[in-house]
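K.L.:
Take this sequence and fold it.
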Amino acid sequence: MNRALAVVWAQWRTYRNYSSRGSMLVGALVGLVWYGLWSGLGFGAAMLMSQADIRGFNLAVAGALLLMSLYWQLIPMMMAASGLALDLRKLKSYPIPTRELFTIEVLLRATAAVEMLIVLAGGAIGIVRNPALPAVAALTFVPFAGFHMLLGLGIRDVVARLLSKRRMREFTALLFVAFVTLPRLLLSPRSGRGRAAFQSFLQSQSESGAPWWPWTAAANLFTAQDMARSAGVMAAWCAAAG
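P.N.:
Modelled structure (predicted):
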């Protein structure tokens, strides 16, 4: 693992050497404002999850986690912001085990959606402060984030492989545009049917009594409801993403 971390550090130093001080300063200022706003949302999540009656808002928590899932997977691709990544073609000559490279790649997926990690961390802090919930419920942060980092890595590689094929490039681009536009159309303030369908979907998950989706299972774990079955569902989703 130390060898892989050394390569990651070398790539980071290379990026810094090619970046001018001016661009780094502007990027730091923009990042300060951007992540400051998300830190405010994380503080709001902490205040919400610290409420003693949070179990009554299980459906709202599931809806928030579903929106976070969409943001986590779609926004980086829409903005062409894949985060930090290893250049595997340059690492073929180094004697680094594939498992170590895979672990580093998964961990680097966190840089593609740091905003969601900030909000999740705020929610976990709120759970620790909530006297009505067990502190262990805050550990839901780990499998939920791990699932999305594994899924994000898989989606990025699949899209990259499809775009590398000449005949599939145009079809993949069209399918991608349709896929990322659909949630915006459904959740638009002018789309009453879309919002109704969104609420009906969440309600059906709640009434079914089984947390089959990762956001539903995570919501149950966060609010300490049906924890055994929800933990099994969350583990299955992590294994499938892996």
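K.L.:
those helices in the chain, which residues are they?
P.N.:
2-18, 21-49, 58-78, 98-108, 114-129, 141-163, 166-186, 192-208, 214-222, 227-241 (DSSP state H).
K.L.:
List the buried residues in the last one.
P.N.:
It stands for helix 227-241. For helix 227-241, burial by neighbour count (16 or more other Cβ atoms under 10 Å) applies to 227, 230-231, 233-234, 237-238, 241. Glycine gets a C-beta too; all of them are placed from N, C-alpha and C.
K.L.:
pLDDT and distance to Pro95 added to the residues you listed, as CSV?
P.N.:
CSV is the format used below for those (pLDDT from 0 to 100; distance: Cβ to Cβ, whole Å):
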residue, pLDDT, distance to Pro95
Met227, 87, 43
Ser230, 90, 42
Ala231, 92, 38
Val233, 92, 39
Met234, 93, 36
Trp237, 94, 34
Cys238, 93, 29
Ala241, 91, 28
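K.L.:
any low-confidence regions in the chain?
P.N.:
Residues of the chain that meet the criterion pLDDT under 70 lie in 1-5, 7-8, 10-12, 14-24, 55, 78-92, 167-210.
K.L.:
residues in contact with stretch 41-54?
P.N.:
With contacts defined as Cβ atoms under 8 Å, 6 or more residues apart in numbering, stretch 41-54 is touched by 57, 61, 118-127, 129-133, 222-223.
K.L.:
The same query, at a cut-off of 6 Å, please.
P.N.:
118-119, 122-123, 125-127, 129-130, 132, 223 (Cβ atoms under 6 Å, 6 or more residues apart in numbering).
K.L.:
Of these, select the buried ones using a ChimeraX command.
P.N.:
To isolate the buried ones among those in ChimeraX, judged by 16+ other Cβ under 10 Å, type:
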select :118,119,122,123,125,126,127,130,223
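K.L.:
Now the two most distant members of the contacts of stretch 41-54.
P.N.:
Among the contacts of stretch 41-54, the pair separated by the greatest distance (Cβ to Cβ) is Ile118 and Ala132, at 24.2 Å.
K.L.:
Quick check: buried residues in stretch 130-142?
P.N.:
Using 16+ other Cβ under 10 Å as the test for burial, stretch 130-142 gives 130, 133, 137-138, 140-141.
K.L.:
could I get that stretch in CSV with only the CA atoms?
P.N.:
Only the C-alpha atoms of stretch 130-142 are listed here, as CSV (Å, rounded to 0.1, in the frame of the first residue of the first chain):
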residue,chain,number,x,y,z
ASN,A,130,-29.6,12.5,19.4
PRO,A,131,-30.5,10.9,22.7
ALA,A,132,-33.3,8.8,21.1
LEU,A,133,-30.9,7.0,18.7
PRO,A,134,-28.0,4.6,19.3
ALA,A,135,-24.6,6.1,18.4
VAL,A,136,-23.9,3.1,16.3
ALA,A,137,-26.5,4.3,13.8
ALA,A,138,-24.0,7.0,12.8
LEU,A,139,-21.8,4.3,11.2
THR,A,140,-24.3,4.1,8.4
PHE,A,141,-22.2,6.9,6.9
VAL,A,142,-19.5,4.3,6.1
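K.L.:
Contacts for it, please.
P.N.:
Defining contact as Cβ under 6 Å, 6+ apart, one finds that stretch 130-142 is touched by 50, 52, 120, 124, 127-128, 218, 221-222, 224.
K.L.:
can you rerun that using 7 Å?
P.N.:
Stretch 130-142 is contacted from outside by 49-50, 52, 54, 120-121, 124, 127-128, 218, 221-224, using Cβ atoms under 7 Å, 6 or more residues apart in numbering.
K.L.:
circling back: put together TSV for the buried residues of stretch 130-142, with distance to Leu65 on each row.
P.N.:
Shown next, in TSV, are those (distance: Cβ to Cβ, whole Å):
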residue	distance to Leu65
Asn130	17
Leu133	16
Ala137	14
Ala138	14
Thr140	10
Phe141	11
